[in-house]
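*Asks:* give me the fold of what follows.
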Amino acid sequence: MTRPDRKSAYEETVRKFRGAVLFTHDFSAISEVLTPDFVDHFAPPWDPPGREGVAHRFGQAAEALTTRRVEVLTSVCEGDVLAQAILLHFEHTGAFMGLPPTGRAFAIGGSNTFRFRDGRIAEHWGVFDVAKIPDLLGGPIPGGPAPGGAGGWSSMWPGAPA
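*Replies:* I've put the predicted structure just below:
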């Protein structure tokens, strides 16, 4: 497979996965797209490992957040690795980190890096600043001050909405 073909195939696999789990909540895509020995380097240590942990995290997110759009800002492929900078657009439609639904729309940027094996995702690394979500929703930061208070995310930028 040529480099452009490989990149396109990897991007299509990731699109299929995101479409299924983020938009239609079809978690059967997890076993179709991820290898049986899948490793998620982004997973918190308290979550189940592998595909079971992925299903757990996406299931929890689906209860609280409605995905409105996934914006791929850049996509780079080298060998069996695809790296993407993305912007996720959500609406807060269920309880999240103790915050009742606000209906607020927000976006959170981050990056995903995937290693492929035999056309499936074998490993994932991700970086997303999920700690700022409560502040974006206008709620308290768990273990922190009230939104907009000293030390809160809003206090880092003068004039930022609380």
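
*Asks:* in what helix or strand does the residue nearest to residue 25 when sequence neighbours are not counted lie?
*Replies:* Among residues not flanking residue 25 along the chain, residue 62 sits closest, at 5.0 Å (CB to CB, 6 or more residues apart in numbering). Glycine gets a C-beta too; all of them are placed from N, C-alpha and C. Applying DSSP states H and E as the criterion places residue 62 in helix 50-64.

*Asks:* name the residues that touch that helix?
*Replies:* The contact list for helix 50-64 (CB atoms under 8 Å, 6 or more residues apart in numbering) reads 21-22, 25, 27, 30-31, 34, 36-40, 43, 47-48, 92-96, 101.

*Asks:* separation between residue 102 and residue 79?
*Replies:* The gap separating residue 102 from residue 79 is 43 Å, by CB to CB, to the nearest Å.

*Asks:* buried set for the helix holding residue 62?
*Replies:* 50, 51, 53, 54, 55, 57, 58, 61, 62, 64 (16 or more other CB atoms under 10 Å).

*Asks:* now swap in stretch 96-112 and tell me
*Replies:* Across stretch 96-112, burial judged by 16+ other CB under 10 Å covers 96, 99, 106, 108, 112.

*Asks:* so what sits opposite residue 114 in the bridge?
*Replies:* Beta-bridge pairing for residue 114 (DSSP bridges): residue 82, residue 124.

*Asks:* same question for residue 78.
*Replies:* Note on residue 78: beta-bridge partners residue 81, judged by DSSP bridges.

*Asks:* pLDDT score for the nearest residue to residue 96 once chain neighbours are set aside?
*Replies:* In space, and not counting its chain neighbours, residue 96 is closest to residue 64: 3.8 Å by CB to CB, 6+ apart. Taken from the predicted model, the pLDDT recorded for residue 64 is 93.

*Asks:* alright, that wraps it up for me.
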